[in-house]
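Asker: Here's my sequence, what's the structure:
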Amino acid sequence: MNQDLIDSLRLVVADTYAVIGQTHLCHWNVRGPSFFSLHTAFETQYNELFVAVDEIAERIRAKGALAPGGLAKLAEMSGIPEIGEDASAQDMVKHLVTANEKLLADLKKARDAAGECGDSESEDLMIARTQVHEKTVWMLKSYLE
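Answerer: Purely as a prediction, here's the structure:
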């Protein structure tokens, strides 16, 4: 078992949970003229993330390690700050761009760690997740233009 890879994958789980929580909060509390489009987009995003985080956690288990858990522990591990419940729609989107970019950076570290130890399955999973989050960042940034 490669501990650098396991640590990287565990951080990706923590980041993903933080992004799920933040996206869900935005889904619940978004207001204004863009309500319908953002409410729907945020729901699509957090549902996709919930399925994805399970796959990443199960990959950690397949590698013989334990997946992290507990909301406080996951929040501490990720270090992604929380957005206020009363944030504007614009600030929500900006916040989710930043959160997804942090996750992207950690996905790339996990991808590289997997490549270095010859774990092509974990590497492929991180590449696939990177593609999803790059698209999410593009869409969120396009909203802000």
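Asker: Tell me which residue lies farthest from the centre of this structure.
Answerer: Ranking residues of the chain by C-alpha distance from their mean position (C-alpha atoms, centre = their mean) puts residue 33 at the top, at 26.4 Å.
Asker: Report the separation between that one and residue 62.
Answerer: 46 Å (C-beta to C-beta, to the nearest Å). Yep, even glycine has a C-beta here, placed from its N, CA and C like the rest.
Asker: same deal with residue 101?
Answerer: 28 Å.
Asker: With residue 19 instead?
Answerer: 23 Å.
Asker: ditto for residue 99
Answerer: Residue 99 sits 27 Å away from residue 62, going by C-beta to C-beta.
Asker: Neighbour count: those two, which is higher?
Answerer: Neighbours were counted for residue 99 and for residue 62 using other C-beta atoms under 10 Å; residue 99 has more, 25 against 10.
Asker: quick one: average confidence on stretch 2-18?
Answerer: Here stretch 2-18 scores 97 as its mean pLDDT.
Asker: Now it: buried residues?
Answerer: Within stretch 2-18, the residues scored as buried using 16 or more other C-beta atoms under 10 Å are 2, 5-6, 8-18.
Asker: quick one: contacts for the residue nearest the centre of the chain?
Answerer: By C-alpha atoms, centre = their mean, the chain has its centre lying nearest to residue 16, at 3.0 Å. When contacts are counted by C-beta atoms under 8 Å, 6 or more residues apart in numbering, residue 16 touches 49, 52-53, 56, 103.
Asker: surely residue 129 meets residue 56?
Answerer: Yes. The pair residue 129 / residue 56 is scored as a contact, 7.3 Å apart, by C-beta atoms under 8 Å.
Asker: Do I have it right that residue 5 meets residue 63?
Answerer: Yes. Look at residue 5 against residue 63 with C-beta under 8 Å: they come within range, at 7.2 Å.
Asker: how about stretch 74-91: buried residues?
Answerer: Across stretch 74-91, burial judged by 16+ other C-beta under 10 Å covers 74-75, 77-78, 80, 83, 87, 89.
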